[in-house]
Each structure stands twice: as structure tokens, then as C-alpha cells.
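K.L.:
A predicted structure for the sequence below; I have some questions about it.
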Amino acid sequence: MSARQFKVVGTRPSRPDGADKVTGRARFGADWNMPGQLVGRVLRSPHAHAVIESIDASKAAALPGVKAVVTSADFVEQENRIVPAGEMQVNLRDVTRNVMAREKALYHGHAVAAVAATTDAIAREALGLVEVRYRVLPHVVDVEDAMKPGAPILHDHLRTDGVEPRPTEPSNVAKRIDFAKGDAAKGFAVAEVVVERRFRTAPVHQGYIEPHACLASAAEDGQVQLWTTTQGHFQVRGFCSRLLGLETSQIRVMAAEIGGGFGGKTVVYLEPVAVRLSQKAGRPVKMVMTREEVFRASGPTSGSSMRVKLGATRDGRIVAADATFALQAGAFPGSPVGPASMCSFACYDIDNVKVEGFDVVSNRPKVAAYRAPGAPISAWAVESTIDILAQELGMDPIDLRLRNAAKEGTKTHYGPTFNRIGLVEALEAAKASEHYRSPPRPGTARGVAAGFWFNVGADSSAAAHVGEDGTVTVISGNPDIGGSRAALAMMAAEELGIPYDKVRPIIADTASIGFNFVTGGSRVTFANGLAIINSVREVIAECRRRAAKLWEVEPDAVVWENGEAKPASTNVGTFEPLSLAKLAGMAGKMGGPINGHSQINAQGAGPGFGVHVVDVEVDRDTGIVTILRYTSVQDVGTAIHPSYVEGQMQGGAVQGVGWALNEEYIYDRNGKLENAGFLDYRMPVASDLPMIETIMVEVPNPTHPYGVRGVGEVPIVPPMAAIGSAIARCTGVRMTNLPMSPPRLSAALDAAAPRLAAE
Amino acid sequence: MAARVLLTPSIARAFAGGEVEHEVEGREIRHLVRALEARYPGIAARLHDGVAVAIDGVIHQNAFLEEVPDGAEVCFIPAIEGG
């Protein structure tokens, strides 16, 4: 791509949703209300694993004020196979059971029944009247325990997929996958240095500040309206359609403003329940999770057990890599072990690689996507091992990565060959940064790690409507979780050649715009941007055609520049330019409204790479780690709105800090979550951290008119390993299990004290 | 010129005797899948859903009608969704 000069792209205008959000006018999931609405509440299992022998809701249903009760009997049974729902590939048998338990309760907090009542107090009282008879079973929470012979089995029908011959006995290992390149055994045979470690991570929650919330209104003619906080209202429509046996055109879903999602709101929990309750009650039903319910019953990401082995020659060339990743799926199959395995060595050009992955079920909530799902987990293990290798070789950690960096033409271990990528540029920018060039202060140390994410494109539908005064509404169908509305408006303004404040972006509901895949996979600015640009180009083509008609010239004789139709040259004739406003004002006389639309399956998203540098100080008495300085470097394609790209780089880094230093689910011996709130599930807050510095390396994506590359997910991939490496270099102790919380680090330092004293 | 098709190791083991790399003729992804199904009955179901395709390094989801350039590298990989 040539270096294009932009007028709007690359500037930092105020976001279109900003005023509403800072004044409290913005309407989030729990802010929607309808006359006559009822309160919906969910009864949740007190057991981690139990057969549900019977449910008697008669007393609850008879309580004055209760208008409806639902159990699994109110949901259509689903086949045990993978089918599309909202264009996601899901096993609806598992989805319906996660929404409402059927034969078994599979985790503490699993939904067992739900009621709708006139007040919250009555709804809660009614839950206490639902009589559930459980037969408690042994449970298993930990991923390694779940894989052991003799572990309590969650699903009698589950056989490990990907093993030949197909096993006959049930297992908690739902799937085995593997990838290979070259011959890892031969590679290790010629390695001069070999390092190998085992690693573990704990499950962590996405930590969105807004709980799940929805309002469902089912009418007597079968039409359903649903307001919800979601990353994908078309997916909500698809899931509800399948789970409730409704046609998609009967369900209209409005996406509320969203207070964070990070992947955790790409699935459904309350929505099908609220719709069914509304159908039975004949009134709208509103359901809002408490924070405790969010922790107990919505998907965190996986915990894991991993092993990584690297072999290198003394000159720093990595000649072999071998890794095993076992990721926890929660109560039903479907951990991100695939992406974890694929992303693991993607940053490196290694001739001989062997990767094996396992998807493991256990008695905890079904995992949901969390920002680059799986990649941060495998990166913790791989990037930590790369750092160990750098120490063994006496090499600078960035130089080791540069020596082995993937480039254009590198064949990945999972199959595809890279096109133009920006890892080397990101590594060089990190190495040249003021942060990296300044030595760490005495008593502190520095860690480095790299990260990769694929980024996706997928389906997008968009439209551009020109008002009679020439201002433009651009319409898309993806909830805005990262500033994408601003970016879409900016791209439209740039393409049209009009000021940004003449373009208004809105997010349409499922009945008002064509299908859009989820907001996720760092896809919206890329894919929706492409659709918006196509829509605007239709508008421009129509404006040129109308100007040509007015001037009685050929359409090819008219150009569009800076928001105006102009003659292509003086040979065409002398005509005053026609602005968008002028043409719009004449639209009725010239053929009707001026609109454009586009619907695409966007391809060519282009992967992203990040490099993080962090300086830490460790209090050896308490194990408290202080982040002193943090720099996030990333190849970002073209930064349409630099502030929001920086925001993504900072936000991902901060989530990684929490994942590294504090966050974990703590279970008691009954499989009950003990820290189901922000007080005890400790996430970083602003006072915990310095300003995260950002360095944006712009390597434009050649497949996008503006060079856009997804940016949202890469920044959560490197932080844990960068911090772990800094701690190792500061203390001499290499932590292999996350989180590196104060009690764990303090204990590790105490245990290592005799060894360190002797060295 | 035929496309160079790469299967995941688990699909290769289950259907293609462990052979990961195959030369397959076809103008579109669906033609490649059809040709593979003729060679290895049952494989099409595994290549239709829950799978992404990288054509010369560019990842496509729902790639049914995607055109395959002559001699392209076509890799079937697990579908990617993101968060």
C-alpha cells in the first residue's frame, strides 16, 4: 500500500457515544424497562455435581405475585451435534443444558429453574419454594484431576474425539488435537541446549463491569422483542431461535450499550429464559445477574496444565519445539485449546514443532471466550520458556526473538504460510524504545514477551443513508465494545470527503440491518469498516451519476473530491461543483433517496503481533509485585482513531497484569466458588498501575482500503510471561504457575532462599 | 495446477491414513472438499463446519465458494472465533 495522506483517519475526535456515557444517559442492559414488566430470577444448584431427580415448582407457582415458572421441560430438547446458530458452530444439546440444567447439575451455580414475579422480593421467595431433589455425586474441578483415570465422569456419552481407534469408555477428555511441522525428535537430537518446564494457569473471569442483563417481551402473536447486553445480538437471536423453536424473523433483538464483554458476552445465559418466562406470563420479563451470579454461573476462561520443551543451538537458533496444552472447558466441551495450540509457536520460524492439545471438562461453569481465547494461556508457557532459553544462552530476550522471528513466507506449525506481517517491526520498535534502552533501576528487573492473534473477518452488513441536508447516518450491526463506532464514522467521513461531525454512526437491531457476526475476534473495525466503505462508495457512485445527468455528461466525466462532484477535467465543461448537501437537497427530484448498502463475508483480516516490556520491583517479604513501567508495542495496521487503538493496547495489558498477579477462582472442597466478588477476586484498578505506554507500529494491512488490522486481542497475549520473566530476573525464582499472587510468590521465594544463598 | 491441500493431523489420521498433504483439483473450496470426499468418504462432514481455511496464508471462515488460485496452498484449520 502506498503512504496515503488522510484528513480524518488518524485524528482523535470525540467518540459519538461519549457524551451519553459520561452523563449517564447511555442505556445499558439493565436500563431498559417496559410497562407491566416482571422480575425474573434463577434458582441455582448448590452442588458442583448432582443428578436432578425431580423438580416440584408447584408451591412457587402458587405464590401470589408469581406469574411464570420454567425448568428444562420448557426448552426444546436438542440433538447432540454441532450446528450453526448465529453462524457460530455450537452443540445445542450442551447450550440448552447450560442455560437450564436437565439431567444433572454440573457446577455450583448451574441454573435449575427460573421464576417471573411482580417484585424482586416475591421472585426470591418463590425460588425458595422450588423443591429440587438432588443425588449428589463426586465432583472434580482441577484439569489434571479431571484427566486422571477414575475421575468422576461428567457425561456418560462423552468419548475422546481425535484418538484412533475411537475409545469405548466415557472420559472427561472431550478432544485431542495435534499439529506438527518437520520432525521434533530429530530437531532435539541436534540441539545443543534444551529447556523444558511444566506450567499451570488458573481460570480467570473476563471481569466485565456490567453484569448480564436483558428485558424480553413476548407478544400473543408470537413476536418477541429482546433488549440485552451482548457482543452479538444476531447470535442472541440465533440461539433463542434454536433453543425456543422460534423463527429468526419472529425475534427482534436490540443491543444495549455494553459495559464490557471481552468475549464473555458472545453466548447466552438469561435471554432464552427471559423469553420463555415472558411467553408463559404474557408480560415483559427483566432479568439482571448479580455480581455473584456472574462469577458463579458465567463462563470464565480455562485453567490449564501445560508442558513446553525447546531445543536450540548455541548461536540462538531454535531447532525444535514440543508442547502439550490441556485446557479446561468447564461443564461442557469447548475450551479454546485449538487457538491455544495454534498461537503457541506462531511468533517463531522453527523447522521442527510438535504440539498436542486436550479439551477437558470439569465441574465448573462452561468457559466462554476471553480476549484472544487460549492464546494468553499458551503464551504464558511458551514465552516463559523462550526467556529461560535466552538466559541459558546468555542472549538478550529481544535478540533471541529476532533471531527466530516469523516473517513473510514463514510456514506456521499449524499449516498456513504467513503473508506480510509486522512481528520484526514490533520487536525492533521495542528494542529501540526509550524504555528498553534505559537500564532498569537497581533492585528492579525487566521482562519481555511477544504475542500473536489471528484476527478474523466474517459477515458484516452495513448501510449509509444521506439526509436531505447532506449529513450522513452510517448503520452497522455490531455492539461497540472498543470505540468502533468512531472508527466507522471516521472511515465514512474520509471516503466521502466531509467533516467527521457530519457523519452519525448507529448500531441497528436485528430487524433493521442485515446479519452481522459477533463483535469479537478483533473484527469490527476491519470487517464493518469494509462494509461501511463499500456502502459509502455506492453513495458516491450514485452522486456522480446524478451530477452527470444534471450536467448531461457521461458518469465517467464526473469525479468525487472533498465531498463534491466535479468535472473530471476542463474538457468536460464548466460546472459548479455539487456538494453532498446540494445533491441531497435535490434527491427527490433526481430519482429518490441517496443510500448505499453492503453485505460481505470479509476476508483477509491479517494477524497481529505484540511485544511487551515491563519493569518490576518485588517485595521479598510480602511477595507483592509493583509494576514500575510498562510498554506495549504492537503492529496495528492503520490506527484509524489512535486513542482507541492505544486504549485497546492498554486495556489488554492491564487485564494481563491481573491474570498474572492476582486473579484466580478459589474453590472449597465441595466445589463451591469462595471468591465470587470483586473484593476477593482481585482485579487491577487504576491505582495499581503506572500509565501503560504504547508504541503503535503501523504496518498497513494490504487487504483493507485503509490498511486496518484488528488490534483488540493481541495486547492480552504477552503480559503474563513478560511479568513472570521480570520477576524471575529480579528474584532468581522462575514462577511456572499463575497467578503469581503475593502468598504464592512469597512462599516460592522462601523455599528458594537456601538455594539462592548458596549460589 | 492442482492445489496443495493440508489437513489437520487428526483429520488426516481419521480419514486419510495419516497423510496430511494432498494434491487436489478444484476451482473453489467446495470442489476440493468434494474431491477429498470421493477419495476419503466421510471427510466432507469434518471439513464443512467448525473449520476455517487458509488460502495462500489468508484465513477464510465459511469458505464454501471461495476461489482457489492455481497451485494455491490450502490449509484446513480449526475455526477461530475470538473474544
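P.N.:
Received, thanks. Residues are numbered from 1 along each chain as shown, chains lettered A, B, ... in the order given.

K.L.:
burial measure for A:A62, as a count.
P.N.:
Other residues lying near A:A62 total 11 when counted by other Cβ atoms under 10 Å in any protein chain shown. (Each C-beta comes from the backbone N, C-alpha and C, glycine too.)

K.L.:
distance of A:G623 from A:T201?
P.N.:
With the distance defined as Cβ to Cβ, to the nearest Å, A:G623 ends up 18 Å from A:T201.

K.L.:
low-confidence regions, chain B specifically.
P.N.:
Scanning chain B for pLDDT under 70 picks out no residues.

K.L.:
enumerate every residue touching the nearest residue to A:V466 once chain neighbours are set aside.
P.N.:
Once flanking residues are discounted, A:V466 sits nearest to A:I594: 4.2 Å by Cβ to Cβ, 6 or more residues apart in numbering or on different chains. Applying Cβ atoms under 8 Å, 6 or more residues apart in numbering or on different chains to A:I594 gives the contacts A:465-466, A:539, A:542-543, A:546, A:583-584, A:587.

K.L.:
so of the residues you listed, which ones are in helices?
P.N.:
Among these, the members found in helices (DSSP state H) are A:539, A:542-543, A:546, A:583-584.

K.L.:
residue in chain B nearest to chain A?
P.N.:
In chain B, the residue that lies nearest chain A is B:G83 (2.0 Å; Cβ to the nearest Cβ).

K.L.:
that residue: neighbour count?
P.N.:
When counting by other Cβ under 10 Å, one arrives at 30 neighbours for B:G83.

K.L.:
for the closest residue to chain B within chain A, grab phi and psi.
P.N.:
Here the residue of chain A nearest chain B is A:G263; by Cβ to the nearest Cβ that distance is 2.0 Å. Note on A:G263: backbone dihedrals following degrees, to the nearest 10 are phi 110, psi -30.

K.L.:
surely it meets A:G520?
P.N.:
Yes. Counting by Cβ atoms under 8 Å, A:G263 touches A:G520, with 5.9 Å between them.

K.L.:
mutual contacts of those two, please.
P.N.:
Common neighbours of A:G263 and A:G520 (criterion: Cβ under 8 Å, 6+ apart): A:231, A:369, B:82-83.

K.L.:
for A:L423, state which of the residues you listed is nearest.
P.N.:
B:G82 (19.2 Å; Cβ to Cβ).

K.L.:
quick one: contacts for that closest one?
P.N.:
B:G82 touches A:263, A:369, A:372-373, A:453-456, A:518, A:520-523, A:713, counting by Cβ under 8 Å, 6+ apart.

K.L.:
how does it look with 10 Å?
P.N.:
Residues near B:G82 by Cβ atoms under 10 Å, 6 or more residues apart in numbering or on different chains: A:231, A:263, A:266, A:336, A:339, A:369, A:371-373, A:375, A:453-456, A:458, A:517-523, A:605, A:710, A:712-713.

K.L.:
would you list the phi and psi of the closest residue to it other than its chain neighbours?
P.N.:
Spatial nearest neighbour of B:G82, chain neighbours left out: A:G521 (2.6 Å); criterion: Cβ to Cβ, 6+ apart. Dihedral pair for A:G521: phi 70, psi 20, per degrees, to the nearest 10.

K.L.:
thinking again about what came up before, is it true that the residue of chain B closest to chain A touches A:G652?
P.N.:
No. B:G83 lies out of contact with A:G652 (Cβ atoms under 10 Å); the separation is 11.0 Å.

K.L.:
what sits in contact with each of the two?
P.N.:
Each of A:262, A:371-372, A:453, A:712-713, A:716 lies in contact with both B:G83 and A:G652 under the rule Cβ under 10 Å, 6+ apart.

K.L.:
top of those by number of neighbours, please.
P.N.:
Within those, neighbour counts (other Cβ under 10 Å) peak at A:A372, which reaches 35 neighbours.

K.L.:
in this structure it contacts A:V456, no?
P.N.:
No. Assessed by Cβ under 10 Å, A:A372 is found out of contact with A:V456, at 11.2 Å.

K.L.:
between the two, which contacts overlap?
P.N.:
Common contacts of A:A372 and A:V456, defined by Cβ under 10 Å, 6+ apart, comprise A:521-522, A:713, B:80, B:82.

K.L.:
give me the subset of those residues that lies in helices.
P.N.:
Per DSSP H, the shared contacts of A:A372 and A:V456 never map to helices.

K.L.:
rebuild those as a markdown table, extending it with distance to A:P165.
P.N.:
A markdown table is the format used below for these (distance: Cβ to Cβ, whole Å):
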| residue | distance to A:P165 |
| --- | --- |
| A:G521 | 35 |
| A:S522 | 39 |
| A:E713 | 38 |
| B:I80 | 29 |
| B:G82 | 34 |
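
K.L.:
state the pLDDT value of the nearest residue to A:C343 once chain neighbours are set aside.
P.N.:
Take A:C343 and drop its neighbours on the chain: the residue closest to it by Cβ to Cβ, 6+ apart is A:A375, 4.0 Å away. Per-residue confidence at A:A375 stands at 98 (pLDDT).

K.L.:
try A:G658
P.N.:
You'll see A:G658 listed with a pLDDT of 98.

K.L.:
what is the burial count for it?
P.N.:
Neighbour tally, A:G658, other Cβ under 10 Å: 22.

K.L.:
then A:P165?
P.N.:
Counted by other Cβ under 10 Å, the residues lying close to A:P165 total 5.

K.L.:
same deal with A:G573?
P.N.:
Neighbour count of A:G573, defined by other Cβ under 10 Å: 11.

K.L.:
residue contacts, it?
P.N.:
A:551-553, A:557, A:567.

K.L.:
same thing but at 7 Å, please
P.N.:
Counting by Cβ atoms under 7 Å, 6 or more residues apart in numbering or on different chains, A:G573 touches A:551, A:553, A:567.

K.L.:
pretty sure the second one is touching A:S569, no?
P.N.:
Read that as A:V553. No. At 10.9 Å, A:V553 and A:S569 do not qualify as touching, with contact defined as Cβ atoms under 7 Å.
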